[in-house]
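# any chance you can model this:
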Amino acid sequence: MWLVSLIGFIAHQLMLFAIIPASLQLDRRVARDSVTRNSILSRPHSRSTGDDGSLVRWKQDCDQHCANLDKRSPDIKKLINANISANSTSCGEKQLISQHGIDGFGHQLLGLQSCVLLTLLQPENYIFVQKELINVQHGFGLGTYRKLIGTLQEDFPASPGRCEVVKSDHCFEQLQRICPYNGKCAMMKKVLSMYWRDKIGKIPIAKKFLLNHKQDEMVVHLRGGDRKEVLYHGWETLPSIVKELCVLTGTAKVSILFEESADEPEVSKLRKSIQHTVPSLRIRQFIGGSALQMWLRMVTAKILVLSQSSFSLSAALFRCGYTVSVDRYPLGGRYDANALPCSFNMTSTGLHEADQTIEFFWGFCHGLEPGEGCKTD
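Residues are numbered from 1 along each chain as shown. Have a look, this model is predicted:
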């Protein structure tokens, strides 16, 4: 028995010696690119989940690293209950608002989040009431859509028949006046994301995916029709950005998600370009399939590269991993004036005749203020 243990110990030490040189090479590369060891390399990321306990740990990791909550942080459930109680006696004391839309799931979810956020920031003026779950476009099943959105808004009151409700596609304009450089708004975004992350983990169809999916990949999402606008969306720089992200985080797998089969020729070209730039990568591409699984895959990915799409941006609301974009304000800050707080400059070669300086933006969670979370102590 002792001989077996000794052999196991020696094998373990040999593995360590095999790994150390690669780590040193990675550290040298990072130092050469002027990124400190206390940068995104040292940020934690979502773990693989295999049971209820590990799912709980994943959510706790998200809460710890995204919200940085303390005893002074607001309890959203209490805010909702207090807001409802204060408005239960009559109409007109506060404006009742709700999100209304029949567009895609991501568009509706971002609009919902913006209006909920507004009522939490200004409870003296507004109260949110549940949106009507009428329809959803772009391949998201109606039953799944109703279950997800219904669960997210279940703690809010239903729309009362006797009171007027202002229904809006989103509450972007009001938040644009409130949220930029506002610490309270940033904190409320983080707390709302934590609150909804917990809700998603309790939905059986989502929980099953979260328990069985390994969260160790980079996901690149392409909006339907991007084949026509590839240069305008910054994708010509994507292979170099993917390479840099792989170096900085040690990621070895990339999945490209897209929704329309007509996009496949351009996506295949993009895949070949990434593979040529990073030959060691394992790259897969997925066309269509379950919209729910695609969305959850973006929620849980170690790295998510956003497209110009509400679908991928809505997934970023729930994330506690690296979210990356070529724009500081993805989709113009839709719909809560949110910006990615960190930036990284790199030199790309091989894309043009001369070297090109590329800047991309990233953040670890939704609701971080400029510069927050870019380095750790």
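# can you pull the contacts of the closest residue to residue 109 other than its chain neighbours?
Closest residue in space to residue 109, ignoring its immediate chain neighbours: residue 314 at 4.3 Å, by C-beta to C-beta, 6 or more residues apart in numbering. Quick note: C-beta positions are derived from backbone N, CA and C, even for glycine. Residue 314 makes contact with 105-107, 109-110, 113, 295, according to C-beta atoms under 8 Å, 6 or more residues apart in numbering.
# so where is this protein shaky, pLDDT-wise?
Across the chain, residues meeting the criterion (pLDDT under 70) sit at 1-61, 63-65, 67-74, 82-90, 92, 224-235, 348-355, 375-377.
# and the helices in it?
Assigned by DSSP state H, the chain shows helices spanning 2-32, 52-67, 76-86, 105-121, 142-152, 172-178, 183-200, 204-212, 238-249, 264-277, 291-300, 310-316.
# do you know how far the nearest residue to residue 108 once chain neighbours are set aside is from residue 115?
Nearest residue to residue 108 in three dimensions, chain neighbours excluded: residue 101, at 4.8 Å (C-beta to C-beta, 6+ apart). Counting by C-beta to C-beta, to the nearest Å, the gap from residue 101 to residue 115 is 11 Å.
# and residue 122, what does it touch?
Contacts of residue 122 by C-beta under 8 Å, 6+ apart are residue 178.
# ok, residue 188 next?
Applying C-beta under 8 Å, 6+ apart, the residues near residue 188 are 74, 117, 120-121, 367.
# same question, residue 245
Contacts for residue 245 (C-beta under 8 Å, 6+ apart) come out as 218, 251, 303, 305, 322, 324.
# the same query, at a cut-off of 7 Å, please.
218, 251, 303, 324 (C-beta atoms under 7 Å, 6 or more residues apart in numbering).
# swap in residue 103?
Contact partners of residue 103, counting by C-beta under 7 Å, 6+ apart, are residue 137.
# swap the cut-off to 8 Å and go again
For residue 103, the contact set (C-beta under 8 Å, 6+ apart) comprises 136-137, 169, 310.
# check residue 346 too.
The contact partners of residue 346, by C-beta under 8 Å, 6+ apart, come to 33, 240-241, 244, 357-360.
# returning to that earlier point: residue 189: which of the contacts of residue 245 is nearest?
Nearest to residue 189, judged by C-beta to C-beta, of the contacts of residue 245 is residue 324 at 18.5 Å.
# isn't residue 308 up against residue 331?
Yes. Contact status for residue 308 versus residue 331: in contact at 6.3 Å, counting by C-beta atoms under 8 Å.
# who's more crowded, the two?
With neighbours defined as other C-beta atoms under 10 Å, residue 308 and residue 331 compare such that residue 308 has more, 21 against 18.
# would you mind measuring from the more buried one to residue 221?
Applying C-beta to C-beta, the value for residue 308 to residue 221 is 10 Å.
# with residue 307 instead?
Plainly put, residue 307 is 5 Å away from residue 221 if you go by C-beta to C-beta.
# now swap in residue 121 and tell me
Here residue 121 is placed at a distance of 29 Å from residue 221 (C-beta to C-beta).
# do the same with residue 99
According to C-beta to C-beta, residue 99 stands 23 Å off from residue 221.
# do residue 302 as well
Here the criterion is C-beta to C-beta. By it, residue 302 lies 14 Å from residue 221.
# turn the contacts of residue 188 into JSON lines, columns for neighbour count and distance to residue 181.
Shown next, in JSON lines, are the contacts of residue 188 (neighbours: other C-beta atoms under 10 Å; distance: C-beta to C-beta, whole Å):
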{"residue": "74", "neighbour count": "14", "distance to residue 181": "19"}
{"residue": "117", "neighbour count": "24", "distance to residue 181": "16"}
{"residue": "120", "neighbour count": "22", "distance to residue 181": "18"}
{"residue": "121", "neighbour count": "21", "distance to residue 181": "14"}
{"residue": "367", "neighbour count": "24", "distance to residue 181": "13"}
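# closest to residue 286 among the residues you listed?
Closest to residue 286, out of all of those and judged by C-beta to C-beta, is residue 367, at 28.9 Å.
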